[in-house]
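Peer 1: how would this look folded up:
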Amino acid sequence: MTSSNDVRAVAPALEQYTKDRLLGDVWKRPDLSPRDRSIVTVAALIARNQTAEMRYHLSLALDNGVKPGEISEIITHLAFYSGWGNAMAAVGAAKDVFASRHIKADQLPSASEKLLPLDEATEAKRAARVEQDFGAVAPGVVKYTGEVLFRDLWLRPGLAPRDRSLVTVSALVASGQVAQIPYHLNRAMDNGLTQAQASEALTQLAFYAGWPNVFSALPVAKSVFEQRRGQAPAK
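Peer 2: Numbering: from 1, shown residues only. Down below sits the predicted model:
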């Protein structure tokens, strides 16, 4: 990571904002834990293929309680949601961090893990909707979406469903993929992410993915929050 002295030599105001606002304020806001902030930040950096700060933030994630196996699963997950090239770039950064921490392959999830139980009814509805909408357009995409993503990747136990959703939503916001956010933000909240946590993830992403990407996502998040409040059972 570029040192504070390096930043100060080029952009003194940026160094001040980094120290006072980002590290001294945003990272300490209470509605999202440091662990979750690290997950959001790492996901954003991978999604945007921004490797300059990746080693620093992977190390910080480990310090903040993200397990090596969870980092491994985040990278694997984002191969599908941000592309193989971005994941491979992250592998290079993580390899150096793991080596410096003496993290070995036997501490990481294996390629073949016993999968979490599948919600057959929910998956059947999702699969039927996608088949109806896109089966005649791109049958290969529909096939691998079901077989690889939702019946395999999402069921790997090395990353909790709630955290997998947080990674996905963060990557979608960071890469400006607004159309996919409603489904995945709803899924994240079904998986246990609270509205306050989702809100703070967006605040974190404003700094790491930029204000335009977050403001493009805000109307979508607002709609999801309002619809879910409308669906809440009467007390």
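
Peer 1: Please spell out which residues along the helix or strand containing residue 87 are buried.
Peer 2: Element membership for residue 87 (DSSP states H and E) is helix 84-100. Applying a neighbour-count criterion of 16 or more other Cβ atoms under 10 Å, one finds 86, 87, 89, 90, 93, 94, 97, 98 buried in helix 84-100. The way it works is simple: take the backbone N, C-alpha and C, and place the C-beta from them, glycine included.

Peer 1: Ignoring the adjacent residues along the chain, who's closest to the second one?
Peer 2: Meaning residue 87. Sequence neighbours aside, residue 79 is the residue nearest to residue 87 in space, at 3.6 Å (criterion: Cβ to Cβ, 6 or more residues apart in numbering).

Peer 1: quick one: that neighbour from residue 50, how far?
Peer 2: Noted for residue 79: a distance of 16 Å to residue 50, by Cβ to Cβ, to the nearest Å.

Peer 1: Over to residue 110?
Peer 2: Residue 110 sits 29 Å away from residue 50, taking Cβ to Cβ as the criterion.

Peer 1: More neighbours: those two, which one.
Peer 2: The residue with more neighbours, out of residue 110 and residue 50, is residue 50; 16 against 11, by other Cβ atoms under 10 Å.

Peer 1: What average pLDDT does the helix ranked longest in the chain get?
Peer 2: Criterion DSSP state H: the longest helix present in the chain is helix 211-231. For helix 211-231, mean pLDDT is 96.
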